[in-house]
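>>> Sequence plus predicted model, see below.
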Amino acid sequence: MDVDADDIFRDDEDDPDAQHSLLEDESSKEYVVYLVDASPKMFNTTCPAAEQDQNDETHFHIAISCISHTLKSQIINRSYDQVAICFFNTREKKNLQDLNGVYVFNVAEREFLDRPTARLIKEFDHLEESFSKSIGSQHGVVSGTQENSLYNAIWAAQALLRKGSAKTVDKRILLFTNEDDPFGSIKGAVKSDMTRMTLQRAKDAQDLGISIELLPLNHPNEAFNVSQFYADLIGLEGDYLVDFMPSATNRLEDMKDQLRKRMFTKRKVKSLKFTIVNGISIQLNSYALIRPTVPGAITWLDSITNCPLKDLLVQCERTFICADTGALMEEPITRLHPYKNQNITFSMKQLSEIKRVSIGHLHLLGFKPLSCLRDYYNLKPSTFLYPSDEPCGQNHYCSTVSCYGCHWSLHQLNIKNAFLCGYLEEDIYMEQPFGFVAKRSIFFAVGIVSQGTDNSMCIFIALHRKMIQLNRFAVAFGGSSSRPQLVALVAQEEVIQSGSQIEPPGMHMIYLPYSDDIRLVEERYSDSSGMVTKASDDQIKKAADLIKRIDLKGFSVCQLTNPALQRHYAVLQALALAEDDIPEMKDETLPDEEGLARPGVVRALEEFKTSVYGDNYDEENEHNTGEPTEASKKRKANAEFATKECENYDWGELADTGKLKDLTVVELKYYLTANNLPVSGKKEAIITRILTHMGK
Amino acid sequence: KQKEALLLLLDVGPSMHSVLPEIEKVCSLLVQKKLIYNKYDEVGIVLFGTEDTDNELTSEVGGYQHVVVLKDIKVVDGDIVEALQQLPRGKNDGDSSIYPFLYALTLMLVLDAVIVAMDMLIKKFGETNKGKKRMCLITNAQYPIKESYKGTKEEQVTTIAKQMTVHGMRMESIILRGKLSQDANKGIMDENDRLLNIFSKETSTRLLYVDNPISLFGALRTRNITPVTVFRGDIEFSPKLKIKVMVYKKTSEEKFPSLKKYSDKAPPNDKHATRDVKVDYEYKSSEDPDKVVPPDRRIKGYPYGPQIVPISSAEWEAVKFKPEKGVKLLGFTESNNVLRHHYMKDVYAFLPEPGNTKAMLALSALARAMKEMNKVAILRCVWRRGQSNVIIGVLTPNLSDRENIPDSFYLNVLPFAEDVREFQFPSFTNFPASWLPNELQLEAADNLIKTLDLAPHGQQEVLLPDFTPNPVLERFYRYLELKSKDPDAAVPPLDDTLKKITEPDGDLLLQNRAVIGSFCRSFELKGNPLKKSRRLLGGKRSFSSVDVEGNITAQPANLIENASVKVEKIGDLTPVQDFEALISRRDGPDWVVKAINEMKNKIFDLVEDSHEGDNYPKALECLVVLRKGCILEQEPKQFNDFLRHLCNFCREKKLNSFCDYLASEGLALIPKTEAIDSEVTDDEARSFLVKSESKVV
């Protein structure tokens, strides 16, 4: 594996590229089958509408809209994922095994299980209108037949998910239904037989590495009873039944919410060893819960053929040319920095050694009250920490060791080799092979074993609980390979709202700035102005009244979507489908003008304005904008001076005799300034400009 | 761009000697950075508290004793760096002839130094270079004030300060306190503080108190970046109410310098070679790999699922999102609706438009009301015309308690819905009881949190980010300087002072070792491994390829050492690892015995050479691995005898504190339950050290 020398400078955690690969990496893709119950019950049951003027929504509609919504986010964020949409309890049948009552929805130029395409999304959006005609609904398991549509559905889904190895791909079936007892209509031996068979089918699928997840829909007056049948199907037992079951919903928004939470499989960024005190350390995983989403990477195309240029991954070839000799060269491995008229050179090894401070470790330094965590101590998005469920330090097996300057053929137990020669790049990617037994011969693991999972968890929870109780955060030093720095660990209590987790329990790692990163803008400000005044009590009271009026109740981050991204994808979708008009997106980030125009708000605004600005706000504000600033005064003075100076020359004469070039640039600029012309450029350019202006 | 002229006014009086090494480091770092980023800036050095006197004023008008102009103002160069690396110390404290000299050191000396510096700046620049004339005073301000000056000195300070303002000079003062100053007289310090405060007020500059070497390092701004506005204009509360503000960056990461690629192609003796490398990018066609596609035939394609949608820049320009420039209020909300970890990026500061009193008042009123009501404001910001995205940010009040600084706000960028990944994590309450801490453990955690306090009441906060410099950057610049003298210099270790940023403070740990010990013990006893439910932690892909294991990278140096040369003996650097390598060697029968013996000697050495217990943690580490090794190799007697011997030895040598330390850390003999060959019972093992402790007492 060849390592780009620039990697050393790259931020391993927050680099957009790294994030990108994290999300779109082919090796972390998912295959998902959406399995939707299409029985008449799904169409007959409706949910109360969210708002008065809307119609009730059928359960089927809710399921379909959710999937449509998810597909749209999948095509953007995780376009390497493959999806299939499969209905069961249908009149028509279309599936690989030709099973009754199962219909796999698809569009042209696409396999059943394939990456989502613009066309799939578009046609799926219109599916509901034509559903009864083209696919049709029918009752599922009814007495008197041997047909078991749920069994068929799981089997069909399993067949769809046959491709790809379960080791490299996450395979999931997401089951949407409102029937908690699919065999309720039959009795006796037939029922127990069918139940047994169906459960066995589900178990077989799970044994193949496919996870089955349930998204149940509630009847308005009868809750979905998971333990009736599905608990066994998806393999929930005992206590977990209560805790890990999604609560059944009957609202579109809730369902979207749940699906969204399921769409991102949890992936850790890396593992850290958190040393609390000498001898006690716990293993933590870090997760990127909040990272800016950017439009997908661009690909350069040939504008005539619209074909991608060369290889998609390596679109441009870099060549390195020595600026002195013009010789072509290999990518240089030495860096230089000019200093005191010398060129100081560094090897990559030296550079990474400079940055090497306890890499991969988090060292606890102490605790501070939360009030010490000022609002301006922030540089980049935080990282979430949760104790690792793997015992650390033991029986690890090095699968890929990226080494600077060398290539390693990889085989088991090559760790010693890797450490023997060659310089180690910061990160070692670890994989735990199946059936690999720890041996004492891997000497390094033994010395640094820390606590087991339960103990790790116990220590973490104890600190977590007490930090919340005492209102403290922990200060630690984090040895990242790109930027070792101080971090604040803020304990976050779990927040659950209407059955779903809003904030997970754990600690947020906030990256603290160094003194070099903090700018003294307030202090710099003070010397540019005269007196400083603070507001009077009355003015504060008026401000408070205003604040009370313009209150965003229950504001929460991530309520708002990014209008730039929405627009971006709307444009892409329209172009991908060759549609002419691009749908207008509502910019949710604009202020609520109607609300601000309410008389109560307007009154509060006026009162505040009067208390601060007096009666003549408009004049004041106008006046202030009109008042010349330091810079503008200076500019004016300059222009006046130039105009005056300018009069000392006979420009026409100088131009005619070609003597302009004998003047200095400063002199020439008098003319430019006096005549409001740009003063930039070299002398020749200035002379040309003057001549043009004089019309010569 | 105007260059800055900086005069360093350094106190080198006897009471400053202990901190001079730190001052040398930070001042030379400052000059080194200037050599890189502002190489036309000028710097001069004025020392005071010296025995000698050497300045122009003394020869012109007399007086101004004990002030030495070490370097006149000049463009920064290596000479200044070197001068700062070896500041003259003058006489030692122990010298009796020092007293008359000390008597002469009064606060007036600081003022003398300031006047000498002002004089130098005026002579050199006159009225020019306004606002770019800077002085930086570092002193512990412990000089007594001569009675005769009382009453007049305040006037005098005010006069000097006013003069400075007139000449457009600014002076920041760094005053050393706490550990950094000696036997201070409170009265003198207060008096001095009051006088120095006048400077700060009159010239509106910083007056900083620092009480530890790290803060001293961080307090001096080694790189001054002129703030540039991100936005100037209105915050629009409604079309009827707009407040004029200026927005600046408050934080911005100072990055590791980006280095150029180096070409070794030019002959080594070529003095004019630039050594630059040019990088050419070529885009090649997919049909014909040899054909280069010119830039004007390239078009951007955006992926949409498997499709790539081509869009030309012109097309994109026509359809893209184009918000209007401006900053608008969406509303106010409870401050707990926005959590600290939602902050996304570096931080902006919102200040009122300079000279606009009403804007200042309006911001002040809002900031104070928001603070009182615990509210924050949500803003929508588009800083520039033509910007293609918007920012949603949270505005939090920043109340000023200084007379010359107005109230202002900070703005932090918040995530959009698309930026949040709602991973679900198991709730702690659902865990089996054995995973949850018991009362004792909670108590231990409580004590640990309370004792490892970095912001003790009534004292300066430790590791305050505003005063904590970046140790890696310091190392880089120091290495740069070293390399400029010796191209083959090795990478220096982290600076000793700055190393304290990266590791827990040894003193703090030592002071609280009882608490730490009990914390460790309370979590060690427990531990019957539970069968994990994979589903519970949802870690299906726990062997995902992005896993990065910290453990192994942790000590690569040692590992390389261990692996490359077969370990033959236990060295000083990594005795623990050496021991483990030795004892696990299987290429001869004697290694186990050799390892144990070597380790015993090593532990003796550590304990014996210990100075006020500084080696104790290391010795304990060694004992712990020795104990483990002896259990594994079925040699409990070796360990038990050794520990007894060691304790006797310590008692003889009056090193009881080590025994106490071991007891507090819970080290025990190896009982029969751990190694079958042992003759020690559990009780004996546990009480061994405890007993010996009480015996001694």
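Cool, the structure landed. Numbers count the residues shown, from 1 in each chain, chains lettered A, B, ... in the order given.

>>> For whichever residue of the stretch 1-150 of chain B sits closest to chain A, give me the pLDDT.
Nearest residue of the stretch 1-150 of chain B to chain A (C-beta to the nearest C-beta) works out as B:Gly78 at 5.3 Å. All C-beta spots, glycine's among them, are computed from the backbone N, C-alpha and C. We have a pLDDT of 87 for B:Gly78.

>>> Dihedrals phi and psi, the closest residue to it other than its chain neighbours?
Leaving aside its sequence neighbours, B:Gly78 sits nearest to A:Lys340 (C-beta to C-beta, 6 or more residues apart in numbering or on different chains; 5.3 Å). When read as degrees, to the nearest 10, the backbone of A:Lys340 gives phi 50, psi 50.

>>> Repeat that for the one 3 residues further on.
When read as degrees, to the nearest 10, the backbone of A:Asn343 gives phi -100, psi 110.

>>> so what's it closest to, chain neighbours aside?
A:Leu336 is the one closest to A:Asn343 (C-beta to C-beta, 6+ apart), at 4.8 Å.

>>> Any idea how far the helix or strand hosting the one you found is from the middle of the chain?
Applying DSSP states H and E as the criterion places A:Leu336 in strand A:334-339. In terms of C-alpha atoms, centre = their mean, to the nearest Å, the centre of strand A:334-339 is found 36 Å from the chain centre.

>>> residues contacting the residue of the stretch 1-150 of chain B closest to chain A?
Shown in contact with B:Gly78 (C-beta atoms under 8 Å, 6 or more residues apart in numbering or on different chains): A:Lys340, B:Leu35, B:Ser484.

>>> closest to B:Thr396 among those?
Distance to B:Thr396, by C-beta to C-beta, is smallest for B:Leu35 among the contacts of B:Gly78, at 38.3 Å.

>>> The closest residue to the closest one other than its chain neighbours: neighbour count?
Spatial nearest neighbour of B:Leu35, excluding adjacent residues (C-beta to C-beta, 6+ apart): B:Val76 at 5.4 Å. Using other C-beta atoms under 10 Å in any protein chain shown, B:Val76 has 23 neighbouring residues.

>>> and if you look at B:Trp591?
By other C-beta under 10 Å, 17 other residues sit near B:Trp591.

>>> Domain-wise, how is chain A divided?
According to the TED database, chain A comprises the domains A:27-47+A:54-265, A:268-294+A:333-417+A:440-518, A:537-551+A:560-613, A:630-694.

>>> Kindly reformat those as TSV containing mean pLDDT and mean neighbour count.
Output for the domains of chain A, formatted as TSV (pLDDT from 0 to 100; neighbours: other C-beta atoms under 10 Å in any protein chain shown):
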stretch	mean pLDDT	mean neighbour count
domain A:27-47+A:54-265	78	18
domain A:268-294+A:333-417+A:440-518	74	20
domain A:537-551+A:560-613	85	17
domain A:630-694	82	14
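
>>> Save these as CSV, and put in distance to B:Cys381 too.
Output for the domains of chain A, formatted as CSV (distance: least, C-beta to C-beta, whole Å):
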stretch, distance to B:Cys381
domain A:27-47+A:54-265, 25
domain A:268-294+A:333-417+A:440-518, 15
domain A:537-551+A:560-613, 10
domain A:630-694, 24
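
>>> out of the ones you listed, nearest to B:Asp346?
With C-beta to C-beta as the measure, domain A:268-294+A:333-417+A:440-518 is the member of these nearest B:Asp346 (5.3 Å).

>>> secondary structure class for A:Leu385?
Three-state assignment for A:Leu385 (DSSP: H, G, I helix; E, B strand; the rest coil): strand.

>>> no no, B:Arg232
Three-state call for B:Arg232 (three-state DSSP): strand.

>>> Give me the neighbour count for the nearest residue to it once chain neighbours are set aside.
Ranked by C-beta to C-beta, 6+ apart and with sequence neighbours excluded, the top spatial neighbour of B:Arg232 is B:Met246, at 5.0 Å. Burial measure for B:Met246: 22 neighbouring residues, criterion other C-beta under 10 Å.

>>> and B:Met246, helix, strand or coil?
On the three-state scheme (three-state DSSP), B:Met246 is labelled strand.

>>> Per-residue pLDDT of it, please?
91.

>>> give the contact list for it.
If you count contacts by C-beta under 8 Å, 6+ apart, B:Met246 has them with A:Tyr525, B:Thr229, B:Phe231, B:Arg232, B:Phe350, B:Leu351, B:Pro352, B:Glu353, B:Pro354.

>>> please redo it, this time with the cut-off set to 7 Å
B:Thr229, B:Arg232, B:Leu351, B:Glu353 (C-beta atoms under 7 Å, 6 or more residues apart in numbering or on different chains).

>>> For the one helix or strand A:Lys636 maps to, name the packing helices and strands.
For A:Lys636, the host element (DSSP H and E) is helix A:630-646. For helix A:630-646, the elements it packs on are helix A:665-674, judged by 3 or more C-beta pairs under 7 Å, 6 or more residues apart in numbering or on different chains; DSSP states H and E.

>>> What sits closest to A:Phe229 if chain neighbours are left out?
Spatial nearest neighbour of A:Phe229, chain neighbours left out: A:Asp181 (5.7 Å); criterion: C-beta to C-beta, 6+ apart.

>>> Isn't that neighbour up against A:Gln228?
Yes. A:Asp181 is within contact range of A:Gln228, at 4.8 Å (criterion: C-beta atoms under 7 Å).

>>> Might you report the residue contacts of B:Leu379?
B:Val327, B:Lys328, B:Leu329, B:Leu330, B:Gly393, B:Leu395, B:Leu411.

>>> That one - that's part of a helix, no?
No. B:Leu379 is assigned strand when assessed by three-state DSSP, not a helix.

>>> How much space separates it from B:Ala444?
Separation of B:Leu379 from B:Ala444 (C-beta to C-beta, to the nearest Å) stands at 44 Å.

>>> So the residue nearest to B:Leu35 sits against B:Tyr40, correct?
No. With contact defined as C-beta under 7 Å, B:Val76 does not reach B:Tyr40; the gap is 8.2 Å.

>>> elements contacting the strand or helix carrying B:Glu315?
Assessed by DSSP H and E, B:Glu315 sits inside helix B:313-319. Helices and strands touching helix B:313-319, by 3+ C-beta pairs under 7 Å, 6+ apart: there are none.

>>> Show me what the very next helix or strand once past that helix is packed up against.
Next in sequence after helix B:313-319, counting helices and strands by DSSP H and E, comes strand B:326-334. Judged by 3+ C-beta pairs under 7 Å, 6+ apart, the packing partners of strand B:326-334 are strand B:229-238, strand B:375-382.
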